[in-house]
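# give me the fold of what follows.
(2 chains)
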Amino acid sequence: MTEAPLGLLAELTHRCPLHCPYCSNPVELVQRADELDTATWQRVFDEARELGVLQLHLSGGEPLARPDLPELLGHASGLGCYTNLVTSGLGLTADRLADLVDRGLDHVQLSVQDSDRSNANLIAGVKGYDRKLSAARLIKDAQLPLTVNAVMHKANLDHIGGIIALAEEMGADRLELANTQYYGWALRNRAALLPTREQLAAAGPVVRQAQERLAGQMEIVYVIADYHEANPKPCMYGWGSRQLTVAPNGDVLPCPAASVITSLPVQNVTRSSLSEIWYDSETFNAFRGTEWMREPCLSCPRKEIDFGGCRCQAFQLTGDAAATDPVCTLSPDHGLVQDILATEIVEARPAFAMRRSV
Amino acid sequence: MTSIDSVPRVRRGVRCTYDKTRNSDVVLFPEGVLLLNETAAAVVSRCDGSSSVGDIALSLADEFDGVQPDDVIELVDRLVTRRVVDVD
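Below you'll find the predicted structure:
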């Protein structure tokens, strides 16, 4: 039986002052004119809460780029949702933050690109490092719980110890060190982002030591680099299982990357209710449970653990969204991943194709 | 480890509420959502940073039959692991 979703990732806008080459937004960004208006977002939040959503991640792009963010956040909080602001920190002022806190903001997730100022600015494509330090101070002064999120890749993995120290300095309660997942802009920049095995091997012990040293003080979540693993990741804890994403134009997706699966029809909040989309749509039902699986997944003892891996990755690499995730060593297409690792990891890092502005 | 003298407190950023969709008390926090049964909800509501585990067990005994201090210790331990409460 399909259970109600717990979380909604609301991509309020794709506009963003940053140009990170690993951005999880799709390469085809939604234009400002196509963004949902305030009233429609509020209706989406009403429907989400009615459906069972308890956690609302206000994300983007940069959610602070929406002038109506305070109204939207207040509306979500008033419905009883836990509100999480996922931000670059650019554009956050003491006044704006105080307003959001008044309206019920529960938690902030702040992105950092690197602990090295010039490298951080290079990765972000904008001089944002010092403004992030200021944003972290504002968040702590407001006594909000803070998660720092750093996407890890070839150009910053060697600084992982420095990034941990930066998060400590910022007073983070949690730190997510997430190796890049290759979707959207990150897929386009894969060769510039893929770390070497040596880099990953060196980073692991640094993280483990910090996890021990900071136990009870700052929780460190380390998301592994899945191309280098033997088993695929249990993406989203299963398709259409716990969370849904609404894109700036109202498209409803099982995960932020799922628009790449062009073999599935696109659902939109202007045509159907969230409840119809979650429970009844072809898109959300396509890979629920295990009936859709083929071998080697079908008889695999891990099928309820990793759910055959990521559907978007399967589609991107094989053209078939129902295939076993090629990251899995049991996949008949695993050679594709081995080829990528063998050919794309090179000494000199190729230039980044920076994420465009909208 | 939690003991009978430990004083648990709900962590900053954790919100407790009732979800009418699931007909359950829930704890909301940055990492996720926990559904609570009635006893667990009563324990969480008493993790106020001044009552000890012993105090909580005593106050629950009025409302719920058969709640032992060890049950409260075990539950608080689980809540600490999930970063819902801290103990002093």
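
# how long is stretch B:10-19 end to end?
Start to finish, the residues bounding stretch B:10-19 are 19 Å apart (C-alpha to C-alpha, to the nearest Å).

# next, count neighbours for A:Leu12.
Applying other C-beta atoms under 10 Å in any protein chain shown, we find 25 residues neighbouring A:Leu12. From N, CA and C alone the C-beta is placed, and that goes for glycine too.

# chain neighbours aside, what residue packs nearest to the residue in chain B positioned nearest to chain A?
Nearest residue of chain B to chain A, counting by C-beta to the nearest C-beta: B:Gly13, 3.0 Å away. Nearest residue to B:Gly13 in three dimensions, chain neighbours excluded: A:Pro145, at 3.0 Å (C-beta to C-beta, 6 or more residues apart in numbering or on different chains).

# with A:Pro296 instead?
A:Leu330 (4.4 Å).

# mind checking the SS state of that neighbour?
In three-state terms, and counting by DSSP: H, G, I helix; E, B strand; the rest coil, A:Leu330 is coil.

# I figured it hits A:Gly308, correct?
No - counting by C-beta atoms under 8 Å, A:Leu330 sits too far from A:Gly308 to count as a contact (10.3 Å).

# follow-up on the earlier one: for the residue nearest to A:Pro296, give me its contacts.
Counting by C-beta atoms under 8 Å, 6 or more residues apart in numbering or on different chains, A:Leu330 touches A:296, A:300, A:324.

# now tell me what touches stretch B:49-65 from outside.
Residues contacting stretch B:49-65 (C-beta under 8 Å, 6+ apart): B:2-10, B:38-39, B:42-43, B:46-47, B:67-69, B:71-73, B:76, B:88.

# tell me which stretches of the chain form helices.
If you meant another chain, say so; for now it's chain A. Remark: helices assigned in chain A by DSSP state H are A:38-51, A:69-78, A:94-102, A:117-124, A:129-141, A:160-170, A:184-188, A:190-193, A:197-213, A:274-280, A:282-285, A:303-306, A:311-318, A:334-344.

# looking at chain B here, not the other one
Using DSSP H, the helices of chain B run over B:38-45, B:53-63, B:69-81.

# return the set of buried residues in the shortest one.
For helix B:38-45, the buried set under the neighbour-count rule, 16 or more other C-beta atoms under 10 Å in any protein chain shown, comprises B:39-44.

# before we move on, what about stretch A:20-29?
For stretch A:20-29, the neighbour count (16+ other C-beta under 10 Å) marks A:20-26, A:29 as buried.

# how far is that stretch from where the chain is centred?
Distance of stretch A:20-29 from its chain centroid, counting by C-alpha atoms, centre = their mean, to the nearest Å, is 11 Å.

# list buried residues within the contacts of stretch B:49-65.
Using 16+ other C-beta under 10 Å as the burial test, the contacts of stretch B:49-65 include B:2, B:6-8, B:10, B:39, B:42-43, B:46-47, B:67, B:69, B:71-73, B:76 as buried.

# and these, which is closest to A:Leu110?
The nearest member of the buried ones among the contacts of stretch B:49-65 to A:Leu110, counting by C-beta to C-beta, is B:Val10 at 23.1 Å.

# could you check how far A:Gly89 is from chain B?
Going from A:Gly89 to chain B by C-beta to the nearest C-beta, to the nearest Å gives 17 Å.

# now do the contacts for that residue.
A:Gly89 sits in contact with A:110-111, A:128, A:131-132, A:134-136, where contact means C-beta under 8 Å, 6+ apart.

# quick one, grab the pLDDT at it.
At A:Gly89, the model reports a pLDDT of 98.

# and for A:Ala142, the neighbour number?
A count of neighbours around A:Ala142, defined by other C-beta under 10 Å, yields 15.

# equivalent analysis for the one 10 residues further on, please.
Other residues lying near A:Met152 total 27 when counted by other C-beta under 10 Å.

# wait, it touches A:Leu200, no?
No - look at A:Met152 against A:Leu200 with C-beta under 8 Å: they stay out of range, at 9.1 Å.

# could you measure from the residue nearest the centre of chain B over to B:Val76?
The centre of chain B sits closest to B:Val44, judged by C-alpha atoms, centre = their mean, with a distance of 2.7 Å. From B:Val44 over to B:Val76 the distance is 9 Å, taken as C-beta to C-beta, to the nearest Å.

# so what's A:Val112 up against?
Taking C-beta under 8 Å, 6+ apart as the criterion, A:Val112 is in contact with A:120, A:132, A:148-150, A:163, A:166-167.

# any idea how far the residue in chain B sticking out farthest from the centre is from A:Leu200?
Here chain B reaches farthest from its C-alpha mean at B:Thr21, the gap being 21.6 Å by C-alpha atoms, centre = their mean. B:Thr21 sits 41 Å away from A:Leu200, taking C-beta to C-beta as the criterion.

# what is the neighbour count of the nearest residue to A:Thr93 once chain neighbours are set aside?
Counting by C-beta to C-beta, 6+ apart, A:Thr93 lies nearest to A:Leu138, which is 7.5 Å off, once chain neighbours are set aside. Using other C-beta under 10 Å, A:Leu138 is surrounded by 18 other residues.

# these two touch, right, A:Leu138 and A:Leu97?
Yes - using C-beta under 8 Å, A:Leu138 is in contact with A:Leu97, at 5.3 Å.

# quick revisit: most neighbours among the contacts of A:Gly89, please name it.
Of those, with other C-beta under 10 Å as the count, A:Ala135 tops at 26 neighbours.

# and chain B, which of its residues are near chain A?
Applying C-beta under 8 Å from any C-beta of the partner chain, one finds that chain B approaches chain A through B:11-13, B:15, B:17, B:19, B:21-22, B:26, B:28-33, B:83.

# drop anything exposed from those.
The neighbour-count test (16+ other C-beta under 10 Å) marks B:11, B:13, B:15, B:19, B:26, B:28-33, B:83 as buried among those.

# and which of those residues is nearest to A:Asp320?
B:Gly32 (31.8 Å).

# which residues touch that closest one?
By C-beta under 8 Å, 6+ apart, B:Gly32 lies in contact with A:6, A:55.

# and the pLDDT at it?
86.

# likewise for B:Thr81?
pLDDT, read off for B:Thr81, is 88.

# count of neighbours near it?
Quick note: B:Thr81 (other C-beta under 10 Å) scores 9 neighbours.

# excluding chain neighbours, what is closest to A:Asn149?
Nearest residue to A:Asn149 in three dimensions, chain neighbours excluded: A:Glu176, at 4.5 Å (C-beta to C-beta, 6+ apart).

# same check on A:Val86?
A:Ser59 (3.9 Å).

# ok, the one you found touching A:Glu11?
Yes - counting by C-beta under 8 Å, A:Ser59 touches A:Glu11, with 5.5 Å between them.
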